Every structure is written in structure tokens, then in C-alpha cells.
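Chemist: below is the structure, and that's it, no one-letter string:
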DNA sequence: TCGCAAAGTCAATATTGTTGACATCGCAGG
DNA sequence: CCTGCGATGTCAACAATATTGACTTTGCGA
């Protein structure tokens, strides 16, 4: 319970986090993690109990970056789109690894938590109005859609479009949900 | 090349399609498929060459349902949203299986094809204007976002919202991209 | 009827995650 | 100082997996 001193467990955790993010769950082997951490394969299992648990731990440690929604409500749609378009490899590989391993129960619920804490909750905190819950969840869906198209599907044609143009086309739809507005035109 | 008579290859193909859709790629074993088809495990490999190739074949046979975009452009946003919300298990399980196995190269490119043929191309055919390509791809992203939130993430709170309300909130954003409109208000 | 290619079977292999039995080390208590 | 003892690590083995090589069976045309 208390506190670990240093290396050993830590280097296994680091190796796991790196390799899982680089190669995903399926392509990464326990023995590979053990090798990188200079440790016996059996030991890395002893630590976490199972490969799945190790994966969940590793991804939990990486899933810290939540969406920053401070600042005026006005430019929020644009800032959100830019956030995804300019995201670093860290977010992309974490997202991909989680999505692709999400048929394991514990990973699925981690993805749900990640989605909630990174997108839905921060949005909910800034929205007002009667249907703010639905709007927050649908904004999160739009953000997820962008990540899905760019990363999961890998739409190269979309990736090639200049940031400014994607912002111009996609952001208004998000902004409309952020700053209320009549449902039907 | 000509034509198979009936059972054997066919029953393996059927068993594979069913099991992969039900359980996904990782949880489905070659031996399980063989058992359901009453066939030797080695044989099912002999047919397709590898588990991955078998998966690609099976999913290709299931990925036929493209989005129907006939009818007036006006209600199109609403019809698209309804299409996803009221989709049958077939589309959902095909989508999930593809997404979760998409780190295998051939599956990834199948997912790209599926995304393109089912959503981007039909949309492109109906849109006009200079940036129609970007708009089509971003509408596809919005559709993907809905599937992502509902199915990959499994946002129960969103799933519990009445169809009409989701349509009211989400469809206008899609409709705006379908029927042109100034980028900035 | 014979022969031969296609179809199917069987046993073996390499790789995986995981576990049980053992070894080793650090350190508190006599 | 030594003696245990629990934590930490190691080794070999296990069961399950996809895949392959050698073999047998079968259907069918010459």
C-alpha cells in the first residue's frame, strides 16, 4: 500500500506504457515488455496479475490529458477542433490503443471513463440550458467523430485538408451546440 | 474460379461471419469456427490462408449496407441520424468488429473502404459547391462520431435519450454541411 | 478401370499468457 | 551474530492458439 522505492516495478510500468502505446494491445507481448524492462516475463505478470490488467494500468497512467475549456465560450468550437487537429502522438496512440482493445470489459469501461472525463464532463461544466446534458454528449460525439475519421479510419484526404478549412467547416456545428440556439432553423 | 456447389466452404464462411460479428476478431478462435462448421480446424485455414484473411473475407461479405441518400436534400440530416439510431445489430457488430481489429493492415484498409463506400462516396454524389469534398468527409466524420459515442464508447446516457431529441440536436449540424451555407454566421 | 488433382485429416511446431515450485535477498528478533 | 521469514525474483512447465507438412481420401475425366 505504502510507496514503492524505485526501479523494477517502475521500469516494467514504463516499458508497458511505451510498448502498448506504440504497438497496441494485441501486437505487444508480455515477453517483449519483460525484455525491455530487463526482467523475467513471469514477473511482469506477477505484478499486475494479467496482461489485461497491466494494459489498463498502463493506459490509465497515460490518459491524463483532458480538454482545456477555459476562456470565452465564443471561440470554443474552434479551439476544440484545433485541439484534435494539432494533438500530439501521445493522445492519438492512447486513443487508438484504447479503442482497439475496447472489447475487453475492463478496457471498455476505461474508455468510457476516458471519454467522460476528457470530454463530456468538462463540456457539461460550461454548458447551460435545459438540454445541456444531451448537447454536451453530442459535442463529445462530434469530437470523437473527428478522431475516428482521422485516426481510426485514417482518412488521408481529410488529413491533407488545411487546419483552417476544417475549422471553418466543422467548428460551427460544434459551436452551435455549445452556445444554445433554436433547434430548428 | 467457377462456382462452388454448396456446403463446406460455404458453411465455414457462414460460421466465420456469424462468430466474428458476435464476438469480434480476438475472442473468436479458428477452432471454434471449425467446430460450428463441423470441419477440421486445419481446413478453415487452408481455405483462406490465415485467420486475418478469413476475417477480411467474412467482413467484406457483411459490409454491404450503404447509406441510402435518395430523396430531397432537405431532410437528409435527419434521415442520416435516424439511420444510425435505428440501425440493426448487423451494422453495429460489423462496425465494432472492424474498428477493433483495425490495427491489422488489411483490416484497416477494409475499414477505410467501408467508410468511403458507405458514407463518403454517397454523400459526395449529392453535394455541390467548391468545398464539397471536405464537407462530405466531415459529414462522414459526424456520422462516425455518433456510432463511436453510441457503440464504441457505449454512452448509455446518450443511448437513453429519445430519438427525436437526438435528431433535433445533432441533425442541424449535419444538415448545415449538406446544404452549403456561409461558414461564419 | 486407372490416374490424378482437389479436398480433407492428423500430428507436430512455434508462440502466446499464465502458474507452481523453488531460490534469493533483506532484515527483525533471539 | 545468527536464524528465520516474508517479499521478491527465477525457472521450467502448462494449456491454448494459429499454422504447416505429410499423408489419405475422394470425385471425376480419359
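Modeler: Looks like it arrived, so ask away. This is a predicted model, so every value here is computed, not measured. Numbering: from 1, shown residues only, chains lettered A, B, ... in the order given.
Chemist: could you pull out the helices for chain A?
Modeler: A:9-27, A:30-36, A:41-48, A:51-62, A:76-85, A:89-100, A:105-115, A:121-126, A:132-147, A:156-160, A:163-178 (DSSP state H).
Chemist: of the ones you listed, which is nearest residue B:115?
Modeler: When the helices of chain A are compared by CB to CB, helix A:156-160 sits nearest residue B:115, at 10.4 Å. C-betas here are computed from N, CA, C, even on glycine.
Chemist: helices or strands next to the closest one in the packing?
Modeler: helix B:132-147 (3 or more CB pairs under 8 Å, 6 or more residues apart in numbering or on different chains; DSSP states H and E).
Chemist: quick one: mean pLDDT over the helix it packs on.
Modeler: For helix B:132-147, the mean pLDDT works out to 97.
Chemist: what about it, distance to the chain center?
Modeler: Chain-centre distance of helix B:132-147: 14 Å, with CA atoms, centre = their mean, to the nearest Å.
Chemist: and the helices of chain A, which is most packed in?
Modeler: Stretch with highest mean neighbour count among the helices of chain A: helix A:132-147 (a mean of 24; mean count of other CB atoms under 10 Å in any protein chain shown).
Chemist: can I get the helices of chain A in a markdown table with distance to DNA strand C?
Modeler: Listed next are the helices of chain A as a markdown table, based on distance: least, CB to the nearest atom of the strand, whole Å:
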| stretch | distance to DNA strand C |
| --- | --- |
| helix A:9-27 | 8 |
| helix A:30-36 | 4 |
| helix A:41-48 | 3 |
| helix A:51-62 | 3 |
| helix A:76-85 | 31 |
| helix A:89-100 | 14 |
| helix A:105-115 | 12 |
| helix A:121-126 | 32 |
| helix A:132-147 | 26 |
| helix A:156-160 | 30 |
| helix A:163-178 | 38 |
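Chemist: DNA strand D is nearest to which of those helices?
Modeler: helix A:41-48 (3.2 Å; CB to the nearest atom of the strand).
Chemist: which other helices and strands contact the closest one?
Modeler: On a contact count with 3+ CB pairs under 8 Å, 6+ apart, helix A:41-48 meets helix A:9-27, helix A:30-36, helix A:51-62.
Chemist: is the last one positioned near chain B?
Modeler: I take that to be helix A:51-62. No. Contact of helix A:51-62 with chain B (CB under 8 Å from any CB of the partner chain) is absent, the minimum separation being 11.1 Å.
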